[in-house]
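Enquirer: Give the three-dimensional model of this entry:
(one chain, ligands or ions: 1)
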Amino acid sequence: MSRPVLAADELLKRILSQEVEARSSYRACYLGWAEAFVTDPRLMLLSLDDHMVHRGDGVFEAIKVVHQKPYLLKEHLDRLKVSADFISLKLPVDLQTLSQLVQETLEVSGLQESIIRIFISRGSGSFSPNPYDCKKSGLFIVATEYKPIAQEKYLKGVRIGKSQVMPKSSFWARIKSCNYLPNVMMKKESVDRGLDFTVSFDESGNLAESSTENMIVVDQKGRLCRPYLNRILKGCTMTRVMELASQYQVLSSVVEDHLTEEDVIRAREVMMVGTTLDVLPVTEFEGKKIGNGQVGPLAQKLHQLLLNDQF
Ligand SMILES: Cc1ncc(COP(=O)(O)O)c(C=O)c1O
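Expert: Numbering: from 1, shown residues only. Sure, this is the predicted structure:
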């Protein structure tokens, strides 16, 4: 045998000698099993036998932090609980404690602006699919630097295409689980095709969502529409943007509707909405211009309302 069998101290040395470029933006992590924080990204580890690793058996949330305030924290925590309930995954702490731990992770990170991710895993068990082998759910909270997408994308809009990946069935679409292979494949195809994003359409040709973003459209009648919630995740950003649109009477009508490819191409404006990008205008779908191919006034207005709401 040419490779060594390592003792704990020898392995730790190797762990500490690893450098991974992407990790430079990871600033703090709460490790539930240790009931402690770490700031060294090399120590933000979880065990291979955790069901979250080998079965995607866990749920998560990503929350934007603006001036040290986690935006829509309650909404995200409520959705985390809903996701966990769907798969009978017990939260290791109550939501109030979780909220407190989010704040503490943020404090440890020292970040003013951040993306906080919470992961609840089924926990360590056997390597079998049986969730009952896992005795205790795991909790991980990670604070990373917030890296907004290029300002140019907000000024010029993004180019999107039709995904080959089918939307999830209604049950799975509503769960923000760590089983995100279809979402990963959507992101991959957009990168492979040189597009900013792809969006999925269901078997009846109705628009669903993007990899980790919701879609909203100002249709030809001037209504702000979102797809029905049955094949998409109910985004906290989308929900808040629709509320703000109603509250400030940005549009006379804010509705749910079926939206086909044709509706997307002929829309006055199309926008992507999500935690990491807020409101991002779309100016091209499958090589065809939306409207006059410029960013529309409503996308700008809704983006500004959302940014104001974050302060
Ligand atoms: C599949 C999916 N759709 C939509 C969204 C947008 O949701 P939110 O606005 O809560 O970030 C997300 C968020 O990551 C997602 O994973």
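Enquirer: residues from the stretch 201-311 of the chain in reach of the ligand?
Expert: Where the stretch 201-311 of the chain comes near the ligand, counting by Cβ under 6 Å from any ligand atom, the residues are 209, 212-214, 233, 235-238, 274-275. (Each C-beta comes from the backbone N, C-alpha and C, glycine too.)
Enquirer: Closest one of those residues to Lys156?
Expert: Distance to Lys156 across those (Cβ to Cβ) is lowest for Glu213, with 17.5 Å.
Enquirer: just to revisit the earlier point, top of the residues of the stretch 201-311 of the chain next to the ligand by number of neighbours, please.
Expert: Highest neighbour count within these: Glu209, with 27 neighbours (other Cβ atoms under 10 Å).
Enquirer: what about the closest residue to Arg268 other than its chain neighbours, neighbour count?
Expert: Among residues not flanking Arg268 along the chain, Val218 sits closest, at 4.4 Å (Cβ to Cβ, 6 or more residues apart in numbering). Counted by other Cβ under 10 Å, the residues lying close to Val218 total 24.
Enquirer: from what I can see Val218 touches Gly296, true?
Expert: Yes. Between Val218 and Gly296 there is a contact under Cβ atoms under 8 Å: 7.1 Å.
Enquirer: For those two, list the residues in contact with both.
Expert: Overlap of the contact sets of Val218 and Gly296 (by Cβ atoms under 8 Å, 6 or more residues apart in numbering) consists of 268-269.
Enquirer: May I have the phi/psi pair for the closest residue to the ligand within the stretch 1-150 of the chain?
Expert: Nearest residue of the stretch 1-150 of the chain to the ligand (Cβ to the nearest ligand atom) works out as Ala62 at 5.5 Å. The phi/psi pair for Ala62 (degrees, to the nearest 10) reads phi -120, psi 130.
Enquirer: ok, it to Gly296 distance?
Expert: 27 Å (Cβ to Cβ, to the nearest Å).
Enquirer: what does Thr105 give?
Expert: Counting by Cβ to Cβ, the gap from Thr105 to Gly296 is 38 Å.
Enquirer: Which one of the two is surrounded by more residues?
Expert: Thr105 (24 against 21).
Enquirer: what about the more buried one, is that helix, strand or coil?
Expert: Of the three states, Thr105 takes helix according to DSSP: H, G, I helix; E, B strand; the rest coil.
Enquirer: just checking, it touches Ile141?
Expert: Yes. Applying Cβ under 8 Å, one finds Thr105 in contact with Ile141, separated by 4.5 Å.
Enquirer: Quickly list what's touching both of those two.
Expert: Common contact partners of Thr105 and Ile141 (Cβ under 8 Å, 6+ apart): 29-30, 116.
Enquirer: Run a quick neighbour tally on Gly56.
Expert: By other Cβ under 10 Å, neighbour count at Gly56 equals 14.
Enquirer: Isn't it up against Pro182?
Expert: No. Applying Cβ under 8 Å, one finds Gly56 not in contact with Pro182, separated by 11.2 Å.
Enquirer: Let me see the contact set for Gly235.
Expert: Going by Cβ under 8 Å, 6+ apart, Gly235 touches 209, 213-214, 273-275.
Enquirer: swap that for Cys236, please
Expert: Here Cys236 is in contact with 72, 75-76, 79, 275 (Cβ under 8 Å, 6+ apart).
Enquirer: Just among those residues, which is most surrounded?
Expert: His76 (24 neighbours).
Enquirer: what mean pLDDT would you report for the helix or strand where that one lies?
Expert: Taking DSSP states H and E as the criterion, His76 maps to helix 73-86. The average pLDDT within helix 73-86 is 98.
Enquirer: If we go by neighbour counts, what in it is buried?
Expert: Residues 73, 75-77, 79-81, 83-84 are the ones in helix 73-86 that count as buried (16 or more other Cβ atoms under 10 Å).
Enquirer: related to what we said a few turns ago, isn't the residue of the stretch 1-150 of the chain closest to the ligand up against Val102?
Expert: No. The pair Ala62 / Val102 is not scored as a contact, 11.7 Å apart, by Cβ under 8 Å.
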